[in-house]
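Q: after the sequence you'll find the predicted model.
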Amino acid sequence: MAAVCSRGFGRISSSFLRASVVHRADSVSYLLGFRRAYCSRGTGLRSRLLSVRPGGGRLFGCALLLGGGLGWYQTMKVSVQQLMAEEDKKDSEGALKLILYQYKTCPFCSKVRAFLDYHGAPYEIVEVNPVMRQEIKWSTYRKVPILMVNGELQLNDSSVIISSLKTLFISKDKTLTEIIRCYPEMKSVNDRGKEVTEYNNKYWLMLSEAETAAVYPHKGMQKEEMKWRQWADDWLVHLISPNVYRTTGEALASFDYIVREGKFGTVEGFFAKYVGAAAMYIISKRLKTRHNLQEDVRQDLYKAVNEWVAAIGRDRKFMGGNQPNLADLAVFGVLRVMEGLQAFQDMMDNTKVKHWYRRMERAALNHEGHPLYASKPRTSREE
């Protein structure tokens, strides 16, 4: 940042000096020409010039100064514009090219989008067909989200994607390839006999001691963030399906939304909407049993959301303080997938989450985690 400012001031100063020399030379030429004309025209012209009212000389001098000043202003303006264009070009050339393979209604994909939106990181979206998944047939990792970086580095798992990119945004001496090695893949078999892939350290940021102190200035901030990020993955996300498929009507409305927002063919969409809704209604009952949820699963959702709000407390806008941290972004991303459904409206009406949620909505919409966009006007709903 300091180097950019130094180059900028250097270029502007050079332009200013060049402009000063040019305009001074123009002024001298003008005056010399004026003198020659005065001397050659004889007494007629001389008498007319000498008959100018008192103060005319001052007006003439002011006119010269005004003309020179306007010239300097225009020159400096052009120089600044050229400098800004050059710096913007350098920034765009150095930016990461990010492609996110996702299902729009997947809470883990929504977490990644919330993170990228908040930090103002440009990215492309490839919506994956959830039936055929042809869009990710090139990958041995068959789940979403997948984030491709610069067309060559593949990042898997929403929490690993977020932790590695956040580390990259903060750290000045690490490459993304080096950072991703800190999150090794580990395969295991879960209690249902299914092979699962996990990633070590996925809630950690790989920062130096000084960087860690700058990001987490108060005792306990880092552990709190990690705890609630894991809570969002291990508990909150499992409350979504039982709530959006709670009744046959809600299941049908949910699949209507999924088909509308997802990537389905005409026939696939029809079967997904009606067959999928019926299947997920049944599966949601099994999930309720597996996760020991109450008969009215809304109560578990309300309880979880109120626990989150209580953890933030009354004295903080976000868990991160005045700005969201990674836990804020994770919880927001998970809850956001219910927008437009009955479960979301019930949650907003029956919990204390509304004000925090609207603040998060604005922060993501306005890219408030990116210094270049932090001053943009707020355009979403106010509290």
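A: It's in. Since this is a predicted model, take the numbers as computed values, not measurements. Residues are numbered from 1 along each chain as shown.

Q: show me where the stretch 51-200 of the chain has helices.
A: 56-94, 107-118, 158-170, 176-180 (DSSP state H, counting those that start in this stretch).

Q: how far off centre is the last one?
A: So that's helix 176-180. In terms of C-alpha atoms, centre = their mean, to the nearest Å, the centre of helix 176-180 is found 20 Å from the chain centre.

Q: list the buried residues of it.
A: The neighbour-count check on helix 176-180 (16 or more other C-beta atoms under 10 Å) flags 176, 179-180 as buried. The way it works is simple: take the backbone N, C-alpha and C, and place the C-beta from them, glycine included.

Q: can you tell me which of the residues you listed is closest to Lys166?
A: Ile179 (9.7 Å; C-beta to C-beta).

Q: so the closest one touches Ser164, yeah?
A: Yes. If you go by C-beta atoms under 8 Å, Ile179 and Ser164 touch, sitting 5.0 Å apart.

Q: return every residue with contacts to both of these two.
A: Met206 (C-beta atoms under 8 Å, 6 or more residues apart in numbering).

Q: which residue packs closest to Pro107, ignoring adjacent ones?
A: Val334 (4.4 Å; C-beta to C-beta, 6 or more residues apart in numbering).

Q: so how far is Tyr118 from the one you found?
A: Separation of Val334 from Tyr118 (C-beta to C-beta, to the nearest Å) stands at 15 Å.

Q: ditto for Thr175
A: 23 Å.

Q: and for Arg192?
A: Distance of Arg192 to Tyr118, computed by C-beta to C-beta: 35 Å.

Q: Tyr357 now?
A: Distance from Tyr357 to Tyr118, by C-beta to C-beta: 14 Å.

Q: so for these two, which sits in the more crowded spot?
A: Neighbour count, other C-beta atoms under 10 Å: between Tyr357 and Tyr118, Tyr118 has more, with 25 against 21.

Q: quick one: contacts for the more buried one?
A: 324, 329, 363-364, 367-370.

Q: in terms of helices and strands, where is the residue nearest to Pro107?
A: helix 326-336 (DSSP states H and E).

Q: now that helix and helix 158-170, what's the angle there?
A: Helix 326-336 runs at 140 degrees relative to helix 158-170, counting by axes from the mean of the first three to the mean of the last three C-alpha atoms, to 10 degrees.

Q: next SSE downstream of helix 326-336?
A: For helix 326-336, the following helix or strand on the C-terminal side (DSSP H and E) is helix 342-350.

Q: what residues does that next one touch?
A: 240, 243-244, 246, 250, 253, 298, 301-302, 305, 335, 338, 353-354, 357.

Q: would you list the contacts of Tyr118 in JSON lines and tack on distance to Gln345 and secondary structure?
A: Shown next, in JSON lines, are the contacts of Tyr118 (distance: C-beta to C-beta, whole Å; DSSP: H, G, I helix; E, B strand; the rest coil):
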{"residue": "Pro324", "distance to Gln345": "23", "secondary structure": "coil"}
{"residue": "Leu329", "distance to Gln345": "22", "secondary structure": "helix"}
{"residue": "Ala363", "distance to Gln345": "22", "secondary structure": "helix"}
{"residue": "Ala364", "distance to Gln345": "20", "secondary structure": "helix"}
{"residue": "His367", "distance to Gln345": "27", "secondary structure": "coil"}
{"residue": "Glu368", "distance to Gln345": "26", "secondary structure": "coil"}
{"residue": "Gly369", "distance to Gln345": "28", "secondary structure": "coil"}
{"residue": "His370", "distance to Gln345": "31", "secondary structure": "coil"}
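
Q: does Glu225 really touch Leu326, like I thought?
A: Yes. At 5.6 Å, Glu225 and Leu326 qualify as touching, with contact defined as C-beta under 8 Å.

Q: between those two, what contacts are shared?
A: Joint contacts of Glu225 and Leu326 (C-beta under 8 Å, 6+ apart) are Gly320.

Q: between the two, who's got more neighbours?
A: More crowded of Glu225 and Leu326, by other C-beta under 10 Å: Leu326, with 24 against 21.

Q: low-confidence ranges in this structure?
A: Residues of the chain meeting the criterion pLDDT under 70: 1-94, 372-383.

Q: now do the contacts for Ala330.
A: Contacts of Ala330 by C-beta under 8 Å, 6+ apart are 111, 114, 159, 162, 228-229, 232-233.

Q: output stretch 361-369 as CSV, nothing but the C-alphas.
A: Extracted in CSV, the C-alpha atoms of stretch 361-369 (Å, rounded to 0.1, in the frame of the first residue of the first chain):
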residue,chain,number,x,y,z
GLU,A,361,-27.2,-9.4,5.1
ARG,A,362,-26.0,-5.8,4.7
ALA,A,363,-22.4,-6.7,5.4
ALA,A,364,-22.3,-9.5,2.7
LEU,A,365,-24.3,-7.4,0.2
ASN,A,366,-22.0,-4.4,0.6
HIS,A,367,-18.7,-6.4,0.7
GLU,A,368,-17.9,-4.8,4.0
GLY,A,369,-14.9,-7.1,4.5
